[in-house]
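Asker: fold the following and give me the result.
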Amino acid sequence: MLRRLLAILAGLVIGGVVLVAGAMTIAIIITYPRLPSLDALTDYRPKIPLRVYSADNQLIGEFGEERRSFTRIHEVPQLMKQAILSAEDERFYQHSGVDYVGVLRAAVGNLVSGHARSGASTITMQVARNFFLSSEKTFSRKFNEALLAFKIEHTLSKDQILELYFNQIYLGQRAYGFAAAAQAYYGKSLNQLTVSEMAMLAGLPKAPSAYNPIVNPARAKLRQQYVLRRMRELNFITADQYEVARNEPLKLARPTMDVSQPGQYVAEMVRQAMYERYKDAAYTQGFRVFTTLDSEHQRWAYDALRAGLIDYDRKQGYRGPESFVDVAGMEGDEQAEALDDALSEIRDSGDMQAAIVLSAKPSEVRAYMRGGRVAVIKGSGLDFARRSLGGRVSANQQLRRGAVIRVRANAKGYWEIVQMPEVEGAFVSVDPRTGAVRALVGGFDFNRSGFNHVVQAWRQPGSTFKPFIYSAGIERGITPATFINDAPLTVPSDVGGQKWEPKNDDGKFA
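Answerer: Next up, the predicted model:
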């Protein structure tokens with residue numbers, strides 16, 4: 001009886017397997033011919049932004065929805081590739097698109113935990129999803145993803161697939177691909193990254209928003225540690241390299257969007273000209289435009305203009321805080337999160353950084369800065385704003401808790417209170433022999449106002465014609481020692497007997 005029962009059960013199991021296999025075969029036969037063409041992969045044309053450079057090859061501007069720097073796979077450092085494989089697909093070079101060992105391991109892990117904790121998507125399957133499919137979690141999407149992975153593996157080599165993944169994957173901060181992410185997070189090229197930094201970037205594809213080291217450094221660090229452990233277990237790094245990388249502090253580049261770039265006004269002029277000629281294609285076709293700017297001259301012009309405007313504005317006195325943030329009753333993490341949110345909406349301007357006052361006394365002001373830093377301002381650093389620390393100014397001018405101010409480090413490294421000038425100015429330097437623009441600064445801060453005072457402002461004639469008059473006189477032999485009779489002058493005219501007398505704009509002669 002028992003033997004008969006077992007035979008029936010075995011028959012049912014075998015029959016079920018046959019039915020499932022048959023159904024799967026039919027599904028493959030029906031679905032495979034309907035899969036999309038792989039032209040997007042075989043003729044890969046990534047969206048590469050418009051980049052603007054100085055004459056000495058310094059990047060001064062970048063325009064496009066996607067930050068991307070296309071990199072051939074043979075140019076990628078070996079450790080960077082190994083970090084990615086450790087985090088995403090350690091058997092990439094062994095499987096044929098679907099990693100059955102990984103699928104089994106994920107299934108067992110999910111069964112033990114009681115819920116879906118991990119998937120088994122290979123790098124090839126991720127390429128299929130990123131180029132052709134949505135991210136919805138359904139069986140049909142996963143089935144099509146697997147079939148597409150087989151098709152991709154049959155068409156492209158492993159290195160070609162990895163190259164597509166490396167350049168297409170989104171990694172946060174508008175960065176697509178690992179080369180762009182290296183610049184976005186660390187301000188470095190790939191071959192300048194440390195093992196620790198490579199592991200941090202390799203951990204991003206799983207969830208770029210959750211593991212973004214700028215937004216969530218604690219969670220990003222945990223993911224980085226996991227990638228480093230996997231690299232060590234797979235013998236991609238030595239024990240010494242692992243220890244050094246594991247203990248390396250997180251050092252991120254300052255967000256470039258919050259820094260006033262010296263060449264932004266020129267970059268915007270180039271952007272307008274390129275858009276006028278190429279329309280939206282200007283932002284996706286990877287154009288590289290080289291200007292006549294000299295980056296060193298541009299930096300001098302930028303610094304000189306800002307210094308002059310700040311000096312003039314400082315003589316007018318401190319106007320008070322830019323605005324106020326309500327931090328009443330907030331303490332600890334809640335306060336830090338609220339202050340970071342408030343500062344995220346305020347751009348820094350060069351070395352003038354936004355800060356929110358935590359406490360203010362006549363002898364000391366403590367101000368919260370991005371990332372949890374606290375600037376302690378004392379002594380001469382308070383001189384400019386000292387009047388606002390007293391009780392003789394209006395409430396809107398007082399330095400008190402919640403006030404949004406600007407601070408910068410002085411030549412000795414101490415913090416001081418400063419303010420954004422209200423006055424504007426411009427600077428342009430042109431090579432008279434060729435007409436090449438060597439430096440151009442259209443205003444104090446492009447992020448505050450994109451109005452270019454060099455090319456957009458209408459000039460009052462004033463004394464601007466004098467250089468032409470003087471140069472013409474010098475050309476005819478007049479020297480600085482020449483005396484000119486400045487008595488009233490009347491010039492006779494042959495037209496109607498009228499006489500012409502030069503006068504100032506008030507109608508008087510002086």
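Asker: mind listing the strands in the stretch 251-400 of the chain by residue range?
Answerer: Here the stretch 251-400 of the chain has its strands, by DSSP state E, counting those that start in this stretch, at 288-290, 323-324, 353-361, 364-368, 374-378.
Asker: redo those strands as a markdown table? Include mean pLDDT.
Answerer: Converted to a markdown table, the strands of the stretch 251-400 of the chain look like this (pLDDT from 0 to 100):
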| stretch | mean pLDDT |
| --- | --- |
| strand 288-290 | 96 |
| strand 323-324 | 93 |
| strand 353-361 | 94 |
| strand 364-368 | 95 |
| strand 374-378 | 95 |
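Asker: I'd like those as TSV, with mean neighbour count and distance to D303 appended.
Answerer: C-beta: built from backbone N, CA, C; applies to glycine. TSV is the format used below for the strands of the stretch 251-400 of the chain (neighbours: other C-beta atoms under 10 Å; distance: least, C-beta to C-beta, whole Å):
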stretch	mean neighbour count	distance to D303
strand 288-290	13	23
strand 323-324	15	27
strand 353-361	21	17
strand 364-368	21	25
strand 374-378	16	22
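Asker: domain-wise, how is the chain divided?
Answerer: 66-257, 323-418 (automatic domain parsing).
Asker: those: lowest mean pLDDT?
Answerer: The weakest mean pLDDT among those belongs to domain 66-257, with a mean of 85.
Asker: OK, contacts around the nearest residue to L164 once chain neighbours are set aside?
Answerer: Of all residues beyond its chain neighbours, the one nearest L164 is V127 (5.3 Å), with distances taken as C-beta to C-beta, 6 or more residues apart in numbering. Residues near V127 by C-beta atoms under 8 Å, 6 or more residues apart in numbering: L41, A149, I152, I161, L164, Y165, Q168.
Asker: still on that earlier bit, pick the most deeply packed of the domains of the chain.
Answerer: domain 66-257 (a mean of 18; mean count of other C-beta atoms under 10 Å).
Asker: helices and strands around the helix or strand hosting L222, which ones?
Answerer: In this assignment (DSSP states H and E), L222 forms part of helix 217-233. Packing partners of helix 217-233 (3 or more C-beta pairs under 8 Å, 6 or more residues apart in numbering; DSSP states H and E): helix 78-88, helix 195-202, helix 239-246.
Asker: quick one, which of those helices gets closest to N447.
Answerer: helix 195-202 (27.3 Å; C-beta to C-beta).
Asker: could I get the closest one in PDB with only the CA atoms?
Answerer: The C-alpha coordinates for helix 195-202 follow below in PDB (Å, rounded to 0.1, in the frame of the first residue of the first chain):
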ATOM      1  CA  VAL A 195      40.200  50.900  -2.600                       C
ATOM      2  CA  SER A 196      37.800  52.300  -0.100                       C
ATOM      3  CA  GLU A 197      36.400  54.800  -2.600                       C
ATOM      4  CA  MET A 198      36.000  52.100  -5.200                       C
ATOM      5  CA  ALA A 199      34.000  49.900  -2.800                       C
ATOM      6  CA  MET A 200      31.800  52.800  -1.900                       C
ATOM      7  CA  LEU A 201      30.900  53.400  -5.600                       C
ATOM      8  CA  ALA A 202      30.500  49.700  -6.200                       C
END
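Asker: that one to helix 239-246, inter-axis angle?
Answerer: For helix 195-202 against helix 239-246, the angle between stretch directions is 60 degrees (axes from the mean of the first three to the mean of the last three C-alpha atoms, to 10 degrees).
Asker: what comes into contact with helix 195-202?
Answerer: Outside helix 195-202, the residues that reach it (C-beta under 8 Å, 6+ apart) are 77, 79-80, 83-84, 86-88, 171, 178, 181-182, 185-186, 188, 193, 213, 220, 223-224, 227-228, 231, 237, 241, 244-246, 248, 250.
Asker: in a helix, the residue nearest to L164, correct?
Answerer: Yes - when DSSP: H, G, I helix; E, B strand; the rest coil is applied, V127 is found to be in a helix.
Asker: that one and F324, how far apart?
Answerer: 50 Å (C-beta to C-beta, to the nearest Å).
Asker: cool, P421 as well?
Answerer: 21 Å.
Asker: try Y414
Answerer: Computed with C-beta to C-beta, the distance linking Y414 and F324 is 25 Å.
Asker: repeat for A457
Answerer: 33 Å.
Asker: residue contacts, R219?
Answerer: A210, Y211.
Asker: for M420, same thing?
Answerer: Counting by C-beta under 8 Å, 6+ apart, M420 makes contact with E322, S349, M352, R406, F444, D445, R448.
Asker: hmm, V404 and F324 touching each other?
Answerer: Yes - using C-beta atoms under 8 Å, F324 makes contact with V404 at a distance of 6.6 Å.
Asker: helices of the stretch 251-400 of the chain, start to end?
Answerer: 264-278, 295-314, 332-344 (DSSP state H, counting those that start in this stretch).
Asker: give the contact list for L339.
Answerer: With C-beta under 8 Å, 6+ apart, L339 has these contacts: V325, V327, I356, Y368.
Asker: tell me the one of those residues nearest R476?
Answerer: Using C-beta to C-beta, I356 is the member of the contacts of L339 that lies nearest R476, at 62.9 Å.
Asker: R406 versus the nearest residue to that closest one once chain neighbours are set aside, what's the distance?
Answerer: Leaving aside its sequence neighbours, I356 sits nearest to Y368 (C-beta to C-beta, 6+ apart; 4.8 Å). Distance of Y368 to R406, given as C-beta to C-beta: 13 Å.
Asker: need the residues touching each of those two.
Answerer: A355.
Asker: okay, the helix or strand where L147 lies in CSV with CA atoms only?
Answerer: Assessed by DSSP H and E, L147 sits inside helix 139-155. This file holds the C-alpha atoms of helix 139-155, laid out as CSV (Å, rounded to 0.1, in the frame of the first residue of the first chain):
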residue,chain,number,x,y,z
PHE,A,139,7.0,37.2,-12.7
SER,A,140,6.5,38.2,-16.4
ARG,A,141,9.1,41.0,-16.1
LYS,A,142,11.6,38.7,-14.5
PHE,A,143,10.9,36.0,-17.1
ASN,A,144,11.5,38.5,-19.9
GLU,A,145,14.6,39.8,-18.2
ALA,A,146,16.1,36.3,-18.1
LEU,A,147,15.3,35.6,-21.7
LEU,A,148,16.8,39.0,-22.7
ALA,A,149,19.9,38.1,-20.7
PHE,A,150,20.4,34.9,-22.7
LYS,A,151,19.9,36.9,-25.9
ILE,A,152,22.4,39.5,-24.8
GLU,A,153,25.0,36.9,-23.8
HIS,A,154,24.6,35.2,-27.2
THR,A,155,25.2,38.6,-29.0
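Asker: elements contacting it?
Answerer: Taking 3+ C-beta pairs under 8 Å, 6+ apart as the contact cut, helix 139-155 packs with helix 2-31, helix 39-42, helix 123-132.
Asker: now it: how far from the chain's centre is it?
Answerer: 34 Å (C-alpha atoms, centre = their mean, to the nearest Å).
Asker: now do the helix or strand that it is followed by: which elements does it pack against?
Answerer: Next helix or strand after helix 139-155 toward the C-terminus (DSSP H and E): helix 158-168. Here helix 158-168 touches helix 78-88, helix 123-132, helix 178-186, going by 3+ C-beta pairs under 8 Å, 6+ apart.
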